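Student: one predicted model, sequence on top.
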Amino acid sequence: MLGRVDADYCDIRYELMHETKIGFSGRELTLLDSSSTDGYVLRVLKDGGLSAMAFNRPQDAERAVRTTVENAVLMARRTAEPVRFARTEVAQETFRPQLREDPQTVPVDEKLALTRKYNEIALVHPRVATTYFGCTDVVRERYFLSSEGTELREDLVTVQMVGVVTARDGSLTQRSIFGFGGSGGFHILRGREADVEAATCIAVDLLNAHPVTAGTYRVVLNPNLAGTFTHEAFGHFSEADIIQSNPTVREKMKLGVKLGNDVLNIVDDPTRPNQLGFYKYDDEGVRARPTRLMKDGVLVGRLHSRRTAADFGEPLTGHCVAEDYRYAPLVRMGCIYIEPGTSSREDLLGQLGSGLYLLNAMGGNTTGENFTFGAQFGYVVKNGKPGQMIRDINISGNLYETLQSITAVGNDLKLREIGGCGKMQVNIRSCHGAPHTLVEGVVVGGR
């Protein structure tokens, strides 16, 4: 079909997606669903105009071609800058990840029993008022063809268990939100009883925690919270399509600019096996590769699609990803993280002396270069030792000031096992992480 398309370039992606979802609210089973869906996305580049169309039935292919070509021509007439694609290697490969326990071979009854067991661990605590536990596995059989000759098949496998535990004491309620999973197989969801117990105890302990006292503090962020900062505040500005048409931010994010402290090194690497953000080829058929974004505080790279790489005159990175068969791809992080340093967690708390130790992201937002994140809980640190537990925590700041204020990085890199990014589409495979991180002068407020 692609050979008959009157265009400078075209590609088509077909996906068959298998999904199982299980959910408990308290002791009530509220969700049990298993489904298979499929569809196509066609993209056409003609005369500098780029158009895409999603469709579900093979018999709609001819109409999709006509419509997409017509739309590309219209786009070309109305765009000031013709779209160009950076050159990429032609690839022909089939890739299926090596799984420890394919989720499609695990009976639904067994998945249901595992979810119920974790839910019951939380519910036995007398101060737990309610819970939500959800188990999801998604297998995307993804096929890609391009007019340049690339032919790919890659399976993307995602499993996750998400828990929300709500504890109550009178009118006071506190929540612990957590989860585990990855791309290496269903086995990662087994044997996690201790993790569920620990997360439940956090919700219960928060009932006795003190609300944080607002102020400006030196803080140590745990890997979860430091990774969220890396993704939300810095990572999106590393996605070339975000800054492509924003001259002010594009100037601030110019390669070679010193943005961070010397201790700060940031990488996005979708090629890490079994991690949530793992893939071999992106949704443009470009091979994924580790991309160094910051070296010793200096901005040295960014994430690209074929379109943005051509516009910026920079190398391809393989970071153009779609949510699924319903969408054309856009520039996305794969697995972004701060590289580890040499200090242990205890070393960082010792360097902190007095301040706050903040743990686990809990919502937040970014507005341009400014951010606000919630932390699930924390501890007041005195003489390098965590003491009183605190709650109701928000941290806020400016991206560029915070990058300069990171003065020490731990040696204990941890990547999140569950993720998600809502940039225009929802990407459940977006992964981020960090070691423990020491930051100076953080503005902390209550909720």
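Tutor: That came through fine.
Student: ok, L225 touching A361?
Tutor: Yes: using CB atoms under 8 Å, L225 is in contact with A361, at 5.1 Å. No exception for glycine: its C-beta is placed from N, CA and C like everyone else's.
Student: quick check: neighbours shared by those two?
Tutor: F373, A375 (CB atoms under 8 Å, 6 or more residues apart in numbering).
Student: more crowded one of those two?
Tutor: L225 (27 against 24; other CB atoms under 10 Å).
Student: what strand or helix carries that one?
Tutor: Assigned by DSSP states H and E, L225 belongs to helix 223-229.
Student: pull the CA atoms of that helix into CSV?
Tutor: The C-alpha trace of helix 223-229 is given here as CSV (Å, rounded to 0.1, in the frame of the first residue of the first chain):
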residue,chain,number,x,y,z
PRO,A,223,14.7,9.1,44.7
ASN,A,224,11.0,9.2,44.1
LEU,A,225,10.6,12.9,44.6
ALA,A,226,13.9,13.9,43.0
GLY,A,227,13.0,11.8,40.0
THR,A,228,9.6,13.6,39.7
PHE,A,229,11.4,16.9,39.7
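Student: which other helices and strands does the helix or strand just after it contact?
Tutor: Helices and strands here follow DSSP H and E; after helix 223-229, the next one along the chain is helix 240-243. Counting contacts by 3 or more CB pairs under 8 Å, 6 or more residues apart in numbering; DSSP states H and E, helix 240-243 packs against helix 247-252, helix 306-312, strand 330-331.
Student: average pLDDT across the shortest one?
Tutor: Spelled out, it's strand 330-331. Per-residue pLDDT values over strand 330-331 give a mean of 98.
Student: so in this structure, which helix runs the longest?
Tutor: When the chain is parsed with DSSP state H, its longest helix is helix 61-78.
Student: other SSEs contacting that helix?
Tutor: strand 28-46, strand 49-55.
Student: helices of the stretch 251-400 of the chain, residue ranges please.
Tutor: Secondary structure of the stretch 251-400 of the chain (DSSP state H, counting those that start in this stretch): helices at 306-312, 345-352, 399-405.
Student: buried residues in the longest helix of the chain?
Tutor: Neighbour-count burial for helix 61-78 flags A64, V65, T67, T68, V69, N71, A72, V73, M75, A76 (criterion: 16 or more other CB atoms under 10 Å).
Student: quick check, nearest of the residues you listed to L123?
Tutor: L123 has its nearest neighbour among the buried residues of helix 61-78 in A64, at 49.6 Å by CB to CB.
Student: what is the burial count for the closest residue to L172 other than its chain neighbours?
Tutor: Once flanking residues are discounted, L172 sits nearest to L207: 6.1 Å by CB to CB, 6 or more residues apart in numbering. Counted with other CB under 10 Å, residues neighbouring L207 total 15.
Student: now do the contacts for L207.
Tutor: Applying CB under 8 Å, 6+ apart, we find L207 in contact with R127, A167, R168, D169, L172, Q174.
Student: farthest-separated two in those?
Tutor: Within these, R127 and L172 form the most distant pair, 10.4 Å apart (CB to CB).
Student: give me the more crowded residue out of these two.
Tutor: A count of neighbours by other CB under 10 Å puts R127 above the other of R127 and L172, at 14 against 11.
Student: does the more buried one really touch D169, like I thought?
Tutor: Yes: using CB under 8 Å, R127 makes contact with D169 at a distance of 6.4 Å.
Student: measure stretch 141-159 end to end?
Tutor: Stretch 141-159 has an end-to-end distance of 15 Å (criterion: CA to CA, to the nearest Å).
Student: out of the helices of the stretch 251-400 of the chain, which is closest to M161?
Tutor: helix 345-352 (25.7 Å).
Student: N383: what's it in contact with?
Tutor: Applying CB under 8 Å, 6+ apart, the residues near N383 are G353, S354.
Student: if we use 10 Å, what do you get?
Tutor: L349, G350, L352, G353, S354 (CB atoms under 10 Å, 6 or more residues apart in numbering).
Student: if I look at the closest residue to D283 other than its chain neighbours, how far off is R57?
Tutor: Among residues not flanking D283 along the chain, P329 sits closest, at 3.7 Å (CB to CB, 6+ apart). P329 is 22 Å from R57, where distance means CB to CB, to the nearest Å.
Student: same deal with V426?
Tutor: 24 Å.
Student: if I read this right, G39 contacts E141, doesn't it?
Tutor: No: using CB atoms under 10 Å, G39 is not in contact with E141, being 11.9 Å away.
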